[in-house]
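Enquirer: Give me a 3D structure for the following:
(one chain, ligands or ions: 1)
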Amino acid sequence: MREMKSYITKSLLEVGQNASGEAVTVTKYSIKGQDDKAKKVYIQASMHASEIQGNAVIINLLKHFHEEQPQGDVTIIPQCNPFGRDMLIGAGHQGRFDATNGDNWNRYYFKPEIDYKSFAKEHLKSAQAEYATALRNEISAQVTAALNNDFGLSRARRLNYTMQLEALQADIILDLHTDSLAIDYLYSPQYAKNSAEALGFEHVLLIENKCNGSLDEAGFYPWWSLQQAFTQLGRNEPVLVDSFTLELGSEELIEHKKAQIQSNRILNYLATQQVIAANKAYKEACAKHIGFYDEDSFQAVYAQSGGLYEWFVAAGDTFDKDQIIGRYLQMADAKECEISYPFAGLVISVHSKGALQRGSHLLNVIINKSQS
Ligand SMILES: [Zn+2]
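Expert: Next comes the predicted model:
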């Protein structure tokens with residue numbers, strides 16, 4: 001995009017300071033919508049720095065918004081983690097963790113201290129827009145205070161809080177990630193199951209109301225908690241914010257063709273939320289069949305033995321209970337050992353192979369409970 005439309009502005013957001021005292025910044029695109037009442041959208045990519053496919057998706061989205069001004073405001077921060085972005089070890093990124101202290105870059109978003117029951121009582125008769133503004137202001141004040149109290153802030157925490165303030169203004173939060181060597185899948189809060197369908201992923205993991213430091217959870221937790229508090233008092237309200245983590249395949253990989261499908265799926269969802277106009281091509285990019293899974297179907301599998309690992313399955317393959325899906329060698333005893341598990345499942349990602357210690361993260365799988 002050589003020249004941007006007047007409703008798209010580019011700015012630099014300060015997220016840290018280098019050892020020369022210079023600002024460390026990220027690029028932020030702000031797309032002004034046509035309608036102040038339409039839903040506002042926040043999209044970021046690459047908080048886990050090696051997870052870069054979201055940026056290929058963002059290029060497509062920016063092209064789209066360049067052609068067509070959205071109804072609601074859209075804020076996009078690609079490559080939102082400049083610390084991780086430039087931290088390579090050999091040929092690869094340190095990636096998911098701060099190389100200096102092991103902080104997972106997606107675990108330090110702020111969980112506000114709010115008594116949701118009292119808040120709901122106080123706003124039992126408030127209009128939706130009124131209580132939404134009050135809740136946003138409260139969260140914003142708490143995150144801002146935490147940012148100002150900055151002698152306690154690690155790099156990850158400061159980065160997360162800074163992004164959270166941007167995301168807080170949105171009704172829709174899309175955090176673009178990838179897994180290691182993986183298929184596409186979506187983390188959706190339970191309540192958003194129906195709207196998540198429009199994102200067109202084949203596999204959707206439904207999560208409960210919790211806030212353990214990731215952006216998706218920090219995004220929906222206050223709104224879901226408030227909705228639940230209203231329900232207890234007999235007021236039926238929707239959850240006002242949709243917040244998802246999109247897993248867009250494998251890390252350290254840019255796939256243009258796949259990005260076309262992925263961005264069309266996002267546009268399909270945005271069309272169902274009245275942020276943009278609908279288009280048949282978006283719908284056609286969506287999966288025809290969607291598998292929904294609850295959280296306890298998701299299993300990270302770790303190495304029970306050290307050895308040299310080879311897999312006979314790839315991401316996207318299913319396997320049966322007790323099926324041999326890999327093999328490892330233990331050279332200390334010149335042994336070859338077969339790998340099988342006491343459950344059937346679907347391989348979401350192959351996390352590692354080759355020379356691994358006991359306890360290494362091997363696979364992420366979705367357990368097929370009906371066959372296990
Ligand atoms: Zn990630």
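Enquirer: Could you look up the SS state of whichever residue of the stretch 251-372 of the chain sits closest to the ion?
Expert: With C-beta to the ion, the shortest gap between the stretch 251-372 of the chain and the ion falls at residue 251, namely 8.0 Å. C-betas here are computed from N, CA, C, even on glycine. The three-state label given to residue 251 by DSSP: H, G, I helix; E, B strand; the rest coil is coil.
Enquirer: Any idea how many residues pack against the residue lying closest to it once chain neighbours are set aside?
Expert: Nearest residue to residue 251, sequence neighbours excluded (C-beta to C-beta, 6 or more residues apart in numbering): residue 50, at 4.3 Å. Residue 50 is flanked by 20 other residues according to other C-beta atoms under 10 Å.
Enquirer: Residue 29 too?
Expert: Residues near residue 29, counting by other C-beta under 10 Å: 20.
Enquirer: Which strand residues bridge the residue nearest to it when sequence neighbours are not counted?
Expert: The spatial neighbour of residue 29 that comes closest, neighbours along the chain excluded (C-beta to C-beta, 6+ apart), is residue 76 at 4.4 Å. Beta bridges link residue 76 to residue 29, residue 43, judged by DSSP bridges.
Enquirer: Contact partners for residue 76?
Expert: Residues near residue 76 by C-beta atoms under 8 Å, 6 or more residues apart in numbering: 28, 29, 31, 42, 43, 44, 58, 61, 62.
Enquirer: Correct me if wrong: the fourth one contacts residue 164.
Expert: Spelled out, that is residue 42. No - look at residue 42 against residue 164 with C-beta atoms under 8 Å: they stay out of range, at 9.9 Å.
Enquirer: returning to that earlier point: just checking, the residue nearest to residue 251 is part of a strand?
Expert: No - per three-state DSSP, residue 50 lies outside any strand segment and is coil.
Enquirer: how close does it get to residue 67?
Expert: As judged by C-beta to C-beta, to the nearest Å, residue 50 and residue 67 stand 31 Å apart.
Enquirer: Repeat that for residue 88.
Expert: 35 Å.
Enquirer: Please identify which of the two sits among more neighbours.
Expert: Each of residue 88 and residue 67 has its neighbours counted (other C-beta under 10 Å); residue 88 has more, 14 against 8.
Enquirer: The more buried one contacts residue 94, doesn't it?
Expert: Yes - taking C-beta under 8 Å as the definition, residue 88 is a contact partner of residue 94 at 7.4 Å.
Enquirer: element containing the nearest residue to residue 241 once chain neighbours are set aside?
Expert: Residue nearest to residue 241 in three dimensions, not counting chain neighbours: residue 223, with 4.3 Å by C-beta to C-beta, 6+ apart. Assigned by DSSP states H and E, residue 223 belongs to helix 215-232.
Enquirer: Is that helix positioned near the ion?
Expert: No - Helix 215-232 is not in contact with the ion by C-beta under 5 Å from the ion; minimum separation 9.9 Å.
Enquirer: I'd like to know which elements that helix is packed against.
Expert: For helix 215-232, the packing partners by 3 or more C-beta pairs under 8 Å, 6 or more residues apart in numbering; DSSP states H and E come out as helix 116-122, helix 128-148, helix 155-168, strand 172-177, strand 184-189, strand 242-248.
Enquirer: which residues does the residue of the stretch 251-372 of the chain closest to the ion contact?
Expert: 48, 50, 51, 52, 93, 95, 178, 179, 180, 181.
Enquirer: can you pick the most crowded of those?
Expert: Highest count within the contacts of residue 251 by other C-beta under 10 Å belongs to residue 51, 30 neighbours.
Enquirer: So that residue versus residue 272, what's the distance?
Expert: Distance from residue 51 to residue 272, by C-beta to C-beta: 26 Å.
Enquirer: which ones are touching the most centrally placed residue in the chain?
Expert: With distances taken as C-alpha atoms, centre = their mean, the residue of the chain nearest its centroid is residue 245 (2.4 Å). Residues counted as contacts of residue 245 (C-beta under 8 Å, 6+ apart) are 175, 177, 186, 187, 214, 215, 216.
Enquirer: Verify the contact between the fifth one and residue 107 for me.
Expert: Pointing back at residue 214 there. Yes - between residue 214 and residue 107 there is a contact under C-beta under 8 Å: 6.4 Å.
Enquirer: Neighbour count for the two, which is higher?
Expert: When residue 214 and residue 107 are compared for neighbours, residue 214 comes out ahead with 23 against 16, by other C-beta under 10 Å.
Enquirer: excluding its backbone neighbours, what's nearest the more buried one?
Expert: Per C-beta to C-beta, 6+ apart, closest to residue 214 is residue 106, 4.9 Å.
Enquirer: With residue 191 instead?
Expert: residue 239 (5.0 Å).
Enquirer: rewinding a little: what angle separates the helix holding residue 223 from strand 242-248?
Expert: 150 degrees (axes from the mean of the first three to the mean of the last three C-alpha atoms, to 10 degrees).
Enquirer: Quick check: mean pLDDT of helix 215-232?
Expert: Throughout helix 215-232, pLDDT has a mean value of 98.
Enquirer: next one: stretch 76-94
Expert: Here the average pLDDT along stretch 76-94 is 90.
Enquirer: mind checking how far it is from the chain centre?
Expert: 16 Å (C-alpha atoms, centre = their mean, to the nearest Å).
Enquirer: For that stretch, measure first residue to last.
Expert: 24 Å (C-alpha to C-alpha, to the nearest Å).
Enquirer: before we move on, back to that, so how far is residue 209 from the residue nearest to residue 29?
Expert: Computed as C-beta to C-beta, the residue 76 to residue 209 distance reads 27 Å.
Enquirer: next one: residue 231
Expert: In terms of C-beta to C-beta, residue 231 sits 12 Å off from residue 209.
Enquirer: With neighbour numbers in mind, choose between these two.
Expert: residue 209 (16 against 12).
Enquirer: ok but the more buried one is inside a strand, no?
Expert: No - under three-state DSSP, residue 209 falls outside any strand and is assigned coil.
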